[in-house]
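Asker: Here is the input, now give the coordinates:
(chains A, B, C and D)
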Number of protein chains: 2
Amino acid sequence: MPATKTSKEEILRKSTHLIWEQGYKHTSFSDLSKACGIQSAHFYYYFKDKEDLMTQVLENSAELFRQKIFSVAYRDELPAEERLAVIIKKLNVFYTKNYGGCMFGNVVLETAHADSPFLEVVRELFKDFIAALKHIYASKMSEAEAQSKAILTIQQLEGAIMMMRLYKDRSFVDNAWAKITL
Amino acid sequence: MPATKTSKEEILRKSTHLIWEQGYKHTSFSDLSKACGIQSAHFYYYFKDKEDLMTQVLENSAELFRQKIFSVAYRDELPAEERLAVIIKKLNVFYTKNYGGCMFGNVVLETAHADSPFLEVVRELFKDFIAALKHIYASKMSEAEAQSKAILTIQQLEGAIMMMRLYKDRSFVDNAWAKITL
DNA sequence: GTCTATAATAGGATAGAC
DNA sequence: GTCTATCCTATTATAGAC
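Answerer: Presented below is the predicted three-dimensional model:
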């Protein structure tokens, strides 16, 4: 049994959930402490400051995306169409749930004007996202075309998420995916 | 000659510029007062509160987009290709200048989780943006196809702007436009 | 490892002199 | 119409008891 009432993993999990919903700046320690059931001050036991917490939230989510979603792209025993379909389905769970959108995209638009310490983590995440889609597309077209198509796919998805959030309507994301064919 | 040292128009213009760069929440009255050359308290002479200022910034920019950019779509004496090219060129001035991106998209991702009073203004803006592109596309395809293509174009653009901001590289936007053909 | 208390600051907003 | 002074609140962060 654990020696602690609340584990760091539990705090990170619940914080991640809230930040996906509300964004970084808008989520205060007051919000987080309610969601996690601990005192605001207790965050400083596990994390240096809010920036440190957010960095770990981002790295955690990025690792989850790599292991649970992007990895599907490399299961070469499955047909490319099926791999793409599985990835779309899994992404939609994160992106269209309660209209919170994409935390990675959100943090870019929230902090890109400053020298945000988060951008490097997000760049790595999108690099791996692009590589995964490229690997699938490359079975049907040249490497260069696959690379270009992968980037356009992600841009279309991120734009559709923005429209979904603006109009509170998931069909923007559905229609965007419908246009992405192999 | 004006009776005032600083006009409301001047304050709105400079505030708009800073908010395009930094976003709504991240721009404080302290920032704005420096940029406008007036005391923080003086904003309350012209505006009820920060939300009121932001609403006028958004409405101002939206009106500018309508008059200077979207209107080009309806100059039916020009070929469709040329109208589209002019619109792209004008949009790029706003979107790729100093990597600040699209204020309208930014404010959606910044505030969509709450019941933001700004979303309605942005919805109207994007409605007119879609209508303008649809009008151009409709000269080459059905109304339904033109509507769908207009939405996809805007989503691609907004996604490309996000990538541009993430990697500080305008080629994402250039490449996105290159794929948008009539 | 968790709590209370509290510091320190920043940001939004108001009052009132001139 | 512009300024100084000030208030209020939210938020990040620290100190220290238990």
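Asker: mind listing what's buried in the host helix or strand of residue A:43?
Answerer: Under the criterion of DSSP states H and E, residue A:43 resides in helix A:43-46. Burial within helix A:43-46, assessed by neighbour count using 16 or more other CB atoms under 10 Å in any protein chain shown, is assigned to residue A:43. Quick note: C-beta positions are derived from backbone N, CA and C, even for glycine.
Asker: again with stretch A:140-149
Answerer: Going by neighbour count (16+ other CB under 10 Å), the buried part of stretch A:140-149 is A:146, A:147, A:148, A:149.
Asker: Also stretch A:170-182?
Answerer: By 16+ other CB under 10 Å, the buried positions in stretch A:170-182 come out as A:170, A:172, A:173, A:175, A:176, A:177.
Asker: Then stretch A:125-134?
Answerer: For stretch A:125-134, the buried set under the neighbour-count rule, 16+ other CB under 10 Å, comprises A:125, A:126, A:128, A:129, A:130, A:132, A:133, A:134.
Asker: per-residue confidence at the last one?
Answerer: Note for residue A:134: predicted pLDDT of 98.
Asker: who's in contact with it?
Answerer: Residues touching residue A:134, when contacts are defined by CB atoms under 8 Å, 6 or more residues apart in numbering or on different chains, comprise A:143, A:146, A:147, A:149, A:150.
Asker: if I pick the first one, what's in contact with it?
Answerer: Think residue A:143. Applying CB under 8 Å, 6+ apart, the residues contacting residue A:143 are residue A:134.
Asker: now it: how far from DNA strand C?
Answerer: From residue A:143 across to DNA strand C, the span is 46 Å (CB to the nearest atom of the strand, to the nearest Å).
Asker: any low-confidence regions in chain A?
Answerer: For chain A, applying pLDDT under 70 flags the ranges A:1-5.
Asker: again, only this time at 80
Answerer: Chain A contains residues with pLDDT under 80 at A:1-6, A:98.
Asker: need the helices for it, in chain order.
Answerer: Under the criterion DSSP state H, helices of chain A are mapped to A:8-22, A:29-36, A:43-46, A:50-68, A:80-95, A:103-111, A:119-137, A:143-167, A:171-179.
Asker: For the last one, give me every contacting residue.
Answerer: Right, the one you point to is helix A:171-179. Residues contacting helix A:171-179 (CB under 8 Å, 6+ apart): A:88, A:92, A:95-96, A:156-157, A:159-161, A:163-164, B:148, B:151-152, B:155.
Asker: Same check on the fourth one?
Answerer: Applying CB under 8 Å, 6+ apart, the contact partners of helix A:50-68 are A:12, A:15-16, A:19-20, A:24, A:29, A:32, A:43, A:46-47, A:90, A:103-104, A:107, A:117-118, A:121-122, A:124-125, A:128-129.
Asker: Of these, which count as buried by neighbour count?
Answerer: Buried residues within the contacts of helix A:50-68, counting neighbours by 16+ other CB under 10 Å: A:12, A:15-16, A:19-20, A:24, A:29, A:32, A:43, A:47, A:103-104, A:107, A:118, A:121-122, A:125, A:128-129.
Asker: which among those residues are in contact with DNA strand C?
Answerer: Filtering the buried ones among the contacts of helix A:50-68 for neighbours of DNA strand C using CB under 7 Å from any atom of the strand leaves an empty set.
Asker: Can you tell me which of the buried residues of stretch A:170-182 is nearest DNA strand C?
Answerer: residue A:172 (30.5 Å; CB to the nearest atom of the strand).
Asker: Grab the nearest non-local neighbour of that closest one.
Answerer: Once its chain neighbours are removed from consideration, residue A:172 has its nearest residue in residue A:163; the separation is 4.1 Å (CB to CB, 6 or more residues apart in numbering or on different chains).
Asker: Equivalent analysis for residue A:86, please.
Answerer: Counting by CB to CB, 6+ apart, residue A:86 lies nearest to residue A:72, which is 5.0 Å off, once chain neighbours are set aside.
Asker: Also residue A:46?
Answerer: In space, and not counting its chain neighbours, residue A:46 is closest to residue A:8: 4.9 Å by CB to CB, 6+ apart.
Asker: And for residue A:152?
Answerer: Using CB to CB, 6+ apart, the nearest residue to residue A:152 is residue B:179, at 6.2 Å.
Asker: Residue B:59 versus that neighbour, what's the distance?
Answerer: Residue B:179 is 32 Å from residue B:59, where distance means CB to CB, to the nearest Å.
Asker: I'd say residue A:11 and residue A:33 touch.
Answerer: No. Counting by CB atoms under 8 Å, residue A:33 is not a contact partner of residue A:11; they are 9.8 Å apart.
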